[in-house]
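# using only what follows, build the 3D model:
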Amino acid sequence: MTVALVPGSFDPPTNGHLDVIERCAGIFSDVVVGIIKNPSKVYLFDEAERTEMLTDLCSGWENVRIGLFGGLLVDYAKQVDADVVVKGLRAITDFDYEFQMSQMNRHLSGIVTLFVATKPEYGYLSSSLVKEVYRLGGAVDALVPASVAAALKERYV
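Alright, predicted model coming up:
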């Protein structure tokens, strides 16, 4: 059994996030979606809301479970017995940052990071961009699941 850890803030979850999770669910026997809780970051959706959204969105995949963590990724990976960390990459700028992080994680614990290139239609998509577009009155229906679009609408009323 191979356990893959897919970490992220998921504030909010996007179609790009779900694409990476779905592909992992098809490859690995067990997938842990690790929601990062960083006390120094201001989130639009709190930990419970992000957990609830992802639990609902991932309910169709029996081998996917949702977790919440703070601190070092490598410590959480050890806690959930992850064999590999999986990160989605949108552009070369993502690679620069994620490659450095993967090397540090490998140095700290020996864990391997696999990079998954996003589908071209999600290459520009980020949670920050979704929030900004929605806040400024743009349509995000094609960027996030319907339940997330509804949560954004409720939050920005």
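# residue contacts, residue 41?
residue 9 (CB atoms under 8 Å, 6 or more residues apart in numbering). No exception for glycine: its C-beta is placed from N, CA and C like everyone else's.
# where's it relative to residue 9, distance?
Distance, residue 41 to residue 9, by CB to CB, to the nearest Å: 7 Å.
# run the chain-centre distance for the lowest-mean-pLDDT helix or strand in the chain.
Across the helices and strands of the chain, mean confidence by mean pLDDT, DSSP states H and E is lowest for helix 92-109: a mean of 90. Centroid separation for helix 92-109 versus its chain: 16 Å, with CA atoms, centre = their mean, to the nearest Å.
# now do stretch 16-33
Worked out by CA atoms, centre = their mean, stretch 16-33 lies 10 Å from the chain centre.
# how about low-confidence regions in the chain?
Segments of the chain classed as low confidence (criterion: pLDDT under 70) are 157.
# show me where it has strands.
3-8, 30-36, 64-69, 84-89, 112-117 (DSSP state E).
# so which of those is nearest residue 154?
strand 30-36 (19.7 Å; CB to CB).
# list the helices and strands that closest one packs on?
The contact analysis (3 or more CB pairs under 8 Å, 6 or more residues apart in numbering; DSSP states H and E) places strand 30-36 against strand 3-8, helix 15-27, helix 47-57, strand 64-69.
# gap between the first one and the chain center?
So the one you mean is strand 3-8. In terms of CA atoms, centre = their mean, the centre of strand 3-8 is found 8 Å from the chain centre.
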